[in-house]
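build me a model:
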Amino acid sequence: MPSFPEEFAGQQQRLPHWPLGKEQWLTLLSLLALIGIAWLLLLRMAASMSAPGGMADAAMAGMLMPWSLTDALLMFAMWTVMMVGMMLPSALPMLLIYQQMLRKRMPAPQRHLALLLFCSAYGLVWTGFSLGATALQWALEQLALLSPGMRSSSTALGAGLLLVAGVYQWLPSKAVCLEHCRGPLHFLLGYWRPGVLGGWRMGLAHGAYCLGCCWALMGLLFVVGVMNLLWVAVIGAFVLLEKTLPQGLWLGRVCGLLLLGWGLWLLLG
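Numbers count the residues shown, from 1 in each chain. Sure thing, here's the model as predicted:
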């Protein structure tokens with residue numbers, strides 16, 4: 001069993017009342033600034049793609065097969081920035097609690113590096129997802145299953161993605177991943193690793209649980225439009241609520257029923 005800091009045992013109910021120290025305020029403001037930058041970049045990317053002569057116009061003219069290297073890099077960058085804007089808000093409690101624990105156990109240089117490695121490893125997991133999402137988008141475009149607006153042009157594909165996401169919201173694997181994302185101390189109790197490199201290993205583990213919790217919801221972007229920023233915001237807000245509200249598990253299951261209904265309506269209607 002990893003050596004978990006004893007002074008934090010049994011304090012989960014009091015976490016919302018912890019005052020933030022100076023270092024935590026700096027971390028929180030820095031991460032909020034990063035989230036804001038991500039959304040500004042998404043707005044600029046969306047404007048660039050929809051501008052005259054942009055990728056949307058080219059797609060309508062049948063000019064996007066195959067992608068150029070620039071197209072692929074732009075899509076990968078778009079997915080990566082999108083994951084920062086969507087997933088980082090829900091990771092803030094985990095990062096702040098981990099920083100609080102490090103403050104009591106490490107001197108400043110080492111704890112700053114451990115936190116940086118945790119964040120980097122978490123980001124690496126979602127960067128890997130972004131690479132996979134880019135490859136999937138390319139494959140769907142090759143099969144002519146995406147519209148110029150980067151949303152499914154196939155009823156079967158759209159319904160299938162909705163049904164998969166709806167079913168997954170009810171599976172035990174979803175509940176396990178969500179539990180680790182919802183309870184930072186529960187995660188740290190099971191995965192605490194000491195030292196600077198412990199931050200890297202813990203960041204990878206937390207990122208894996210986060211990915212396991214949300215991958216099916218991210219697939220909905222192919223239904224509503226990859227660059228439909230309203231839906232990007234809606235899904236990001238839902239992920240945040242699912243991970244932070246006391247009844248987040250049942251909120252997710254209710255959402256799963258709605259997704260199943262939507263998928264069946266699309267498939268049968």
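
buried ones in stretch 176-195?
Buried residues in stretch 176-195, counted by 16 or more other C-beta atoms under 10 Å: 177-178, 180-185, 187-189, 191-193. Quick note: C-beta positions are derived from backbone N, CA and C, even for glycine.

and the two most separated of those?
L178 and R193 (22.2 Å; C-beta to C-beta).

my read: L259 touches G160, true?
No. Applying C-beta atoms under 8 Å as the test, L259 and G160 come out as separate, 11.5 Å apart.

OK, contacts around L241?
G248, L251 (C-beta atoms under 8 Å, 6 or more residues apart in numbering).

what about it, distance to A133?
Per C-beta to C-beta, to the nearest Å, L241 is found 23 Å from A133.

which stretches of this structure have low pLDDT?
Within the chain, the segments meeting pLDDT under 70 span 1-18, 51-65.

could you look up the SS state of the residue most central in space within it?
Nearest to the geometric centre of the chain sits M87, at 3.3 Å (C-alpha atoms, centre = their mean). What DSSP: H, G, I helix; E, B strand; the rest coil gives for M87 is helix.

not counting its neighbours along the chain, what's nearest it?
Leaving aside its sequence neighbours, M87 sits nearest to W126 (C-beta to C-beta, 6 or more residues apart in numbering; 5.8 Å).

check contacts around that neighbour.
Neighbour list for W126: T80, M83, V84, M87, G207, C210, L211 [criterion: C-beta under 8 Å, 6+ apart].

okay, and it sits in which element?
Assigned by DSSP states H and E, W126 belongs to helix 108-142.

next: G149.
Using DSSP H and E, no helix or strand contains G149.

and the nearest residue to it once chain neighbours are set aside, what does it touch?
What sits nearest to G149 in space, not counting adjacent residues and going by C-beta to C-beta, 6+ apart, is G225, at 5.2 Å. Residues in contact with G225, defined by C-beta under 8 Å, 6+ apart, are G149, M150, R151, W231.

how about F238?
So F238 contacts L217, C255 (C-beta under 8 Å, 6+ apart).

repeat the analysis, applying 7 Å as the threshold.
C255 (C-beta atoms under 7 Å, 6 or more residues apart in numbering).

same question for the one 4 residues further on.
For E242, the contact set (C-beta under 7 Å, 6+ apart) comprises L178, G248, L251, G252.

just confirm the third one is within a strand.
Meaning L251. No. Counting by three-state DSSP, L251 is not part of a strand but helix.

quick check: closest non-adjacent residue to it.
E242 (5.6 Å).

what do you get for the first one?
Leaving out its chain neighbours, the residue that sits closest to L178 by C-beta to C-beta, 6+ apart is C213, at 5.0 Å.

picking up where we left off before, and the host helix or strand of the residue nearest to L251, C-alpha only, in CSV?
Per DSSP H and E: E242 is located in helix 229-244. C-alpha atoms of helix 229-244 as CSV (Å, rounded to 0.1, in the frame of the first residue of the first chain):
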residue,chain,number,x,y,z
LEU,A,229,-18.5,25.3,-29.7
LEU,A,230,-21.9,25.5,-28.0
TRP,A,231,-22.0,21.8,-27.7
VAL,A,232,-18.3,21.7,-26.7
ALA,A,233,-19.2,24.0,-23.8
VAL,A,234,-22.3,21.9,-22.9
ILE,A,235,-20.4,18.6,-22.8
GLY,A,236,-17.6,20.3,-20.9
ALA,A,237,-20.0,21.7,-18.3
PHE,A,238,-21.8,18.3,-18.0
VAL,A,239,-18.4,16.6,-17.3
LEU,A,240,-17.7,19.2,-14.6
LEU,A,241,-21.1,18.7,-13.0
GLU,A,242,-20.9,14.9,-13.2
LYS,A,243,-17.6,15.0,-11.3
THR,A,244,-18.5,17.6,-8.7
